[in-house]
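Trainee: Sharing a model that was predicted from the sequence below.
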Amino acid sequence: MAEDGAKSRAIWGVPEKVQLHVAMLALQFGYAGFHVVSRMALNMGISKVVFPVYRNIIALILLVPFAYFLEKKDRPAMTRSFLIQFFLLALCGITANQGFYLLGLDNTSPTFASAIQNSVPAITFAMAAAIRIEKVRFSRRDGMAKIAGTLACVGGAMIITLYKGPSIFSPSSTGTLNEAAPAVLRLDDAKGKDWTLGCIYLIGHCLSWSGWLVLQAPVLKKYPARLSVTSYTCFFGVIQFLIIAAFIERDADAWIFHSGGELFSILYAGFVASGIAFAVQIWCIDRGGPVFVAVYQPVQTLVVAIVASVALGEQFYLGGIIGAIFIIIGLYLVLWGKSEERAFAAKEAAAIVSSTCEHDGRPTSSLKASNLTHPLLSSSTSENA
């Protein structure tokens, strides 16, 4: 039966665990572009309150039709408890998360914002372990591998940002591109900004993001309609930002688009970084667990470094190569640790069932194989399958 379930979740013959890895890689590419687009919007003078309002309205318009028609049978009855949980998810994952990010980005740079976000796996891991969503056994090699892998991912991303080293690659023909994109070239200009305050804002952003990742897991167990959860979260996020805007943004001109660049940045943020990204991320959280999603975060910094080198003509330094190696090793260690954890749990379950069957005289063929279906996923995956 478990094998039949696994096949039913395959798309064009692609196993679900492969879909998860591909989805998370695509998600990081989308978020990497969002760093650049967001800073461009701030450079053009768009309001830090108006920007997230429009972003989440677009995401809501994109998600609601799919949530309504595709999840009619999956949505439980709405209760006051669910409304409170959705409101808190929005407060943590939309309002605090996006608000702190824009404030921090405005005072630092896209590269630094991307780098400091790599603390999200470590924070998420600690939060998930604290509320026992993620089990950590320090005496076993799988527990040590997950800890070492998370630290390696964070360390690799920080190396990319903080250590340049000698130049390894220098683009040859970048003059035309650089002259054609002056707005992009000013992305790292944070003169006159409070760098320390920006770092504090970004730390608050990472704490909010990690809390959002962890809090979604128990909500999805009670309310398994993923797109509906995302839609309700975006709805309450819009309401919360509108309330904030009523006190902070009194200029009516701030709500008007003044250029195609502002419109593009809002559309990209709404469709890619919110609508599509939220749907993909919440599906990955449901199937792979919060730590599985968070551990891919350092890949984003690597993508930003590559895009800056190819598109903006920046040199590629030795630090980028070393950091990329650390990230790959870290991802392997975490995924290997989760695989070992699942295999160990499957062996324990098999031993218990075998012992029970021997005492009761029942055949051991009744042992369920669900734990062996997705060895790279967390325990919440098989529970939700």
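Mentor: Thanks, I have the structure now.

Trainee: Following element in sequence after the helix or strand where T196 lies, please.
Mentor: Assigned by DSSP states H and E, T196 falls within helix 195-222. Going down the chain from helix 195-222, the next helix or strand is helix 226-248, by DSSP H and E.

Trainee: How about residues contacting that next one?
Mentor: Residues outside helix 226-248 that contact it (C-beta atoms under 8 Å, 6 or more residues apart in numbering): 49-50, 52-53, 56-57, 59-60, 63-64, 66-67, 70-71, 74-75, 86-87, 89-91, 93-95, 98-99, 216, 219-220, 223, 274, 278-279, 282-283, 286. From N, CA and C alone the C-beta is placed, and that goes for glycine too.

Trainee: which helices and strands does the helix holding T196 pack with?
Mentor: Counting contacts by 3 or more C-beta pairs under 8 Å, 6 or more residues apart in numbering; DSSP states H and E, helix 195-222 is packed against helix 80-90, helix 97-107, helix 110-116, helix 120-130, helix 226-248, helix 277-288, helix 290-294, helix 379-384.

Trainee: any idea how far N56 is from F235?
Mentor: To N56, F235 is 8 Å away according to C-beta to C-beta, to the nearest Å.

Trainee: More neighbours: which of the two?
Mentor: N56 (29 against 20; other C-beta atoms under 10 Å).

Trainee: for the helix holding T196, which positions count as buried?
Mentor: Buried residues in helix 195-222, counted by 16 or more other C-beta atoms under 10 Å: 198-199, 201-202, 204-217, 219-220.

Trainee: Quick one: work out the angle between it and helix 277-288.
Mentor: Comparing the axes of helix 195-222 and helix 277-288 via axes from the mean of the first three to the mean of the last three C-alpha atoms, to 10 degrees yields an angle of 60 degrees.

Trainee: For the stretch 201-350 of the chain, which residues score under the pLDDT cut-off?
Mentor: Applying pLDDT under 70 to the stretch 201-350 of the chain flags residues 305, 307-317, 320.

Trainee: Helix or strand for T301, just tell me which one.
Mentor: With DSSP H and E as the criterion, T301 is inside helix 297-311.

Trainee: how deep is V353 tucked in, by neighbour count?
Mentor: That count, for V353 with other C-beta under 10 Å as the rule, works out to 15.

Trainee: Revised request: answer the last question for G337.
Mentor: By the measure other C-beta under 10 Å, the count of residues near G337 is 23.

Trainee: ok so, going back, show me just the buried residues among the contacts of helix 226-248.
Mentor: 49-50, 52-53, 56-57, 59-60, 63-64, 67, 71, 75, 86-87, 89-91, 93-95, 98-99, 216, 219-220, 223, 274, 278-279, 282-283, 286.

Trainee: Please name the residues that touch W283.
Mentor: W283 sits in contact with 23, 226, where contact means C-beta under 8 Å, 6+ apart.

Trainee: Using PDB, write down the CA coordinates of stretch 137-153.
Mentor: Provided in PDB are the C-alpha atoms of stretch 137-153 (Å, rounded to 0.1, in the frame of the first residue of the first chain):
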ATOM      1  CA  ARG A 137      20.300  12.300  19.200                       C
ATOM      2  CA  PHE A 138      23.800  13.500  20.000                       C
ATOM      3  CA  SER A 139      24.900  10.000  20.800                       C
ATOM      4  CA  ARG A 140      24.100   8.800  17.200                       C
ATOM      5  CA  ARG A 141      25.900   9.600  14.000                       C
ATOM      6  CA  ASP A 142      22.700  10.800  12.300                       C
ATOM      7  CA  GLY A 143      22.200  13.500  15.000                       C
ATOM      8  CA  MET A 144      25.800  14.600  14.700                       C
ATOM      9  CA  ALA A 145      25.600  14.700  10.900                       C
ATOM     10  CA  LYS A 146      22.500  16.900  11.000                       C
ATOM     11  CA  ILE A 147      24.200  19.400  13.400                       C
ATOM     12  CA  ALA A 148      27.500  19.400  11.500                       C
ATOM     13  CA  GLY A 149      25.800  19.700   8.100                       C
ATOM     14  CA  THR A 150      23.700  22.700   9.300                       C
ATOM     15  CA  LEU A 151      26.800  24.400  10.600                       C
ATOM     16  CA  ALA A 152      28.700  23.700   7.400                       C
ATOM     17  CA  CYS A 153      25.900  25.200   5.300                       C
END
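
Trainee: List the buried residues for that stretch?
Mentor: Residues 142-143, 145-153 are the ones in stretch 137-153 that count as buried (16+ other C-beta under 10 Å).

Trainee: Check those against R342 and report the nearest one.
Mentor: Checking the buried residues of stretch 137-153 against R342 with C-beta to C-beta, the nearest one is D142 at 8.8 Å.

Trainee: pLDDT score for the closest one?
Mentor: At D142, the predicted lDDT confidence score is 81.

Trainee: And for the one 4 residues further on?
Mentor: Per-residue confidence at K146 stands at 82 (pLDDT).

Trainee: Before we go further, it is sitting in a helix, right?
Mentor: Yes. Under DSSP: H, G, I helix; E, B strand; the rest coil, K146 falls within a helix.

Trainee: So it sits against L335, correct?
Mentor: No. Between K146 and L335 there is no contact, the gap being 9.1 Å when judged by C-beta atoms under 8 Å.

Trainee: ok, the nearest residue to G198 once chain neighbours are set aside - contacts?
Mentor: Of all residues not flanking G198 in the chain, N107 sits nearest, at 2.8 Å (C-beta to C-beta, 6 or more residues apart in numbering). N107 sits next to 190, 193-195, 197-198, 201 when contact means C-beta under 8 Å, 6+ apart.

Trainee: Could you identify the longest helix within the chain?
Mentor: Assignment by DSSP state H gives helix 318-360 as the longest helix of the chain.

Trainee: and the angle from that helix to helix 277-288?
Mentor: For helix 318-360 against helix 277-288, the angle by the same axes, to 10 degrees is 40 degrees.

Trainee: Tell me how many other residues surround R132.
Mentor: 8.

Trainee: do T230 as well
Mentor: 29.

Trainee: if I look at it, how far off is A90?
Mentor: For T230 relative to A90 (C-beta to C-beta), the value is 10 Å.
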